[in-house]
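Peer 1: predicted model, plus sequence, below.
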Amino acid sequence: MHPNEYLKALSNGDRAIIKEIYVKTYPKVVTFILKNNGFNTDAEDIFQKGLLQLIARYKVKPFSISDSFEAYFFTVCKNLWRRELNKRKRRLTKQGALELLTEEQDIAVASMEQEKWELFQEKINHLSDNCKTILKLFFKKVAYSEIMDKMEYASDNVLRQRIFKCKKKLTELIRSDLRYKILKRI
């Protein structure tokens, strides 16, 4: 089934598709969350929020998925879990100063974050293969010495300049996109 057909079926409440999504994706989400300071109940919550986010976003403004649905949905769940971990950290450090969002607000914010992530991913794919590789390693916080060895750069300074130029090009691509201007205002 094409990824976009999953979105349509999901937004129509197709139980067979929902069950299929659970079978194919839920175990991966559970494994990811358990490996990243979570519990089974957290995985259930994140999985449900992911489904709700997709349905709400698709009903407001239909969109399409170019990758596999499972990979896309897993990324949605990963981003939601990272967001949840950040919220928990803020709650612990600010003790009561954090204003809790309603479920609807939380889904809307998560949906916007997902759109920003998709824009970032799309634009990074417009870069040269060299820039893509360097930035992916850089964003994964790989040590400069490792990146230098892997990419065969002569010096740390040359690598830093290349990273700077690649980040600048990525920033230009993102900022020139109309979606960036819309997402920035929200």
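Peer 2: Okay, I see it.
Peer 1: show me the shaky parts of this protein.
Peer 2: Scanning the chain with the threshold set as pLDDT under 70 gives 90-111, 183, 185-186.
Peer 1: what helices and strands are in contact with the longest helix seen in it?
Peer 2: Secondary structure assigned by DSSP state H gives helix 69-94 as the longest helix of the chain. If you count contacts as 3 or more CB pairs under 8 Å, 6 or more residues apart in numbering; DSSP states H and E, helix 69-94 packs onto helix 3-11, helix 15-35, helix 40-60, helix 103-124. Heads up, the C-betas are built off the backbone N, CA and C, glycines and all.
Peer 1: dump these into CSV; add distance to Glu152 and mean neighbour count as well.
Peer 2: Listed next are the helices and strands packed on helix 69-94 as CSV, based on distance: least, CB to CB, whole Å; neighbours: other CB atoms under 10 Å:
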stretch, distance to Glu152, mean neighbour count
helix 3-11, 37, 17
helix 15-35, 33, 15
helix 40-60, 40, 17
helix 103-124, 21, 16
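Peer 1: nearest to Asp67, of the ones you listed?
Peer 2: For these, the distance to Asp67 is smallest for helix 3-11, at 6.9 Å, taking CB to CB.
Peer 1: residues in contact with that closest one: which ones?
Peer 2: Helix 3-11 is contacted from outside by 16-18, 21, 51, 54-55, 58-59, 62-69, 72, using CB atoms under 8 Å, 6 or more residues apart in numbering.
Peer 1: 6 Å instead?
Peer 2: For helix 3-11, contacts defined as CB atoms under 6 Å, 6 or more residues apart in numbering pick out 17, 55, 58-59, 64-65, 69.
Peer 1: check stretch 173-186 too.
Peer 2: For stretch 173-186, using CB under 6 Å, 6+ apart, the contacting residues are 112, 116, 119, 123, 126.
Peer 1: reformat these as a markdown table; add distance to Lys181.
Peer 2: Converted to a markdown table, those look like this (distance: CB to CB, whole Å):
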| residue | distance to Lys181 |
| --- | --- |
| Met112 | 14 |
| Lys116 | 12 |
| Leu119 | 11 |
| Lys123 | 14 |
| His126 | 18 |
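Peer 1: hang on, the earlier thing: any chance of the helices and strands packed on helix 69-94 in a markdown table, plus distance to Glu172?
Peer 2: Below are the helices and strands packed on helix 69-94 laid out as a markdown table (distance: least, CB to CB, whole Å):
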| stretch | distance to Glu172 |
| --- | --- |
| helix 3-11 | 29 |
| helix 15-35 | 33 |
| helix 40-60 | 27 |
| helix 103-124 | 9 |
